[in-house]
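> what follows is a protein structure lacking sequence information:
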């Protein structure tokens, strides 16, 4: 995970947002709001966790496998770009 | 979510455990450990969020729809019990 | 699954559409089209399978647990309607 | 998808098995067996579709991005091997 400072900052912002969403679920359970609303909040956490997963995978591909933006071999560059698209589609 | 005190306590313990897991992801990103290990930690969060979802849905079925343990109509009791099983299977 | 004829017809149409989508994946593999396109086709199958799951669960709730449209107890009716919404959200 | 013959054969066998599982869901709906059993069959389809997705992604990584078994750069080889592990974990 020795990526760029910029990437690290972005990922940390994402994970802190998730922590905030989990705290909102905690408060909702304490306040005994309706189940349907609690489940809505939990669904947001799930979505955000999938988004974080996709971003960490994408960074992993770029920094440790093949970065489509800097790969001299055009086939590999295309293969990596397609892979990043697929990861985003599947984890949306 | 006006369930029993016992249920509330159980759910709060679960959501606090999830918060701890999210904090572990945060520390891992800060410490710049390997992507694969970060993704492993994120996968645990995802699993725990699915588990929480299943438990809140199950409680919703029991407390606001049909509780298989106390339903006098045997068909409904069976339908609700099957539904709870299905929710568990799908969110494992 | 002794639901209405109308429901049965709808579910059968859905499952036959899924079979057609699986056959499209098979033809795509035989024709050796690009992986990214194959994965796109597989993603459609996955989406359709989730849609079928949601519909069968919804039918199960309506026909074997509580049908919000015909339940005399308003709390149960609301609980079942919320549950159906949740199932749809989670399996989208 | 111009992979090896061996890979193609394996993937085709997988997709045909999925078609068979979808046909089993169709027969189950026609025979009006219980919802819970239908949902069990649908869950098997979903699992098999995830397995197929993981295998196509893995092949894509090996054949179009970086094959850990033949990559001379040890960092890339390790990055690709970790990525394959992650894909398997997430799509199980």
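Perfect, thanks for sending it. What you see is a predicted model; the values in this text were computed from it and never measured.
> I'd say residue A:77 and residue A:68 touch.
Yes. Applying Cβ atoms under 8 Å, one finds residue A:77 in contact with residue A:68, separated by 4.6 Å. No exception for glycine: its C-beta is placed from N, CA and C like everyone else's.
> in which helix or strand does the nearest residue to residue A:68 once chain neighbours are set aside reside?
Setting aside the residues directly before and after it, residue A:68 is nearest to residue A:81 in space (Cβ to Cβ, 6 or more residues apart in numbering or on different chains), at 4.0 Å. Following DSSP states H and E, one finds residue A:81 within helix A:74-91.
> packing partners of that helix?
Using 3 or more Cβ pairs under 8 Å, 6 or more residues apart in numbering or on different chains; DSSP states H and E as the contact test, the elements touching helix A:74-91 are helix A:35-60, helix C:35-60, helix D:35-60.
> may I see those helices organised as CSV, with mean neighbour count added?
As requested, the helices and strands packed on helix A:74-91 are arranged in CSV below (neighbours: other Cβ atoms under 10 Å in any protein chain shown):
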stretch, mean neighbour count
helix A:35-60, 20
helix C:35-60, 20
helix D:35-60, 20
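> mind giving me JSON lines with the ones you listed and columns for distance to residue A:15 and mean pLDDT?
Formatted as JSON lines, the helices and strands packed on helix A:74-91 follow (distance: least, Cβ to Cβ, whole Å; pLDDT from 0 to 100):
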{"stretch": "helix A:35-60", "distance to residue A:15": "6", "mean pLDDT": "94"}
{"stretch": "helix C:35-60", "distance to residue A:15": "27", "mean pLDDT": "94"}
{"stretch": "helix D:35-60", "distance to residue A:15": "25", "mean pLDDT": "94"}
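> now those helices in JSON lines, with distance to residue D:5?
Rendered in JSON lines, the data for the helices and strands packed on helix A:74-91 read as follows (distance: least, Cβ to Cβ, whole Å):
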{"stretch": "helix A:35-60", "distance to residue D:5": "30"}
{"stretch": "helix C:35-60", "distance to residue D:5": "16"}
{"stretch": "helix D:35-60", "distance to residue D:5": "13"}
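> got the angle between the helix holding residue A:81 and helix D:35-60?
For helix A:74-91 against helix D:35-60, the angle by axes from the mean of the first three to the mean of the last three Cα atoms, to 10 degrees is 160 degrees.
> and residue A:76, how many neighbours does it have?
Around residue A:76 sit 18 other residues, with neighbours defined as other Cβ atoms under 10 Å in any protein chain shown.
> run a quick neighbour tally on the closest residue to it other than its chain neighbours.
For residue A:76, ignoring the flanking residues on the chain, the nearest one in space by Cβ to Cβ, 6+ apart is residue A:66 at 5.1 Å. For residue A:66, the count of nearby residues is 26 (other Cβ under 10 Å).
> flag every residue of chain A that's near chain C.
Contact residues, chain A versus chain C (Cβ under 8 Å from any Cβ of the partner chain): A:34, A:35, A:36, A:39, A:40, A:43, A:82, A:85, A:86, A:89, A:90.
> just flag the most distant two among those.
Longest distance between any two of those is 43.1 Å, between A:34 and A:82; criterion Cβ to Cβ.
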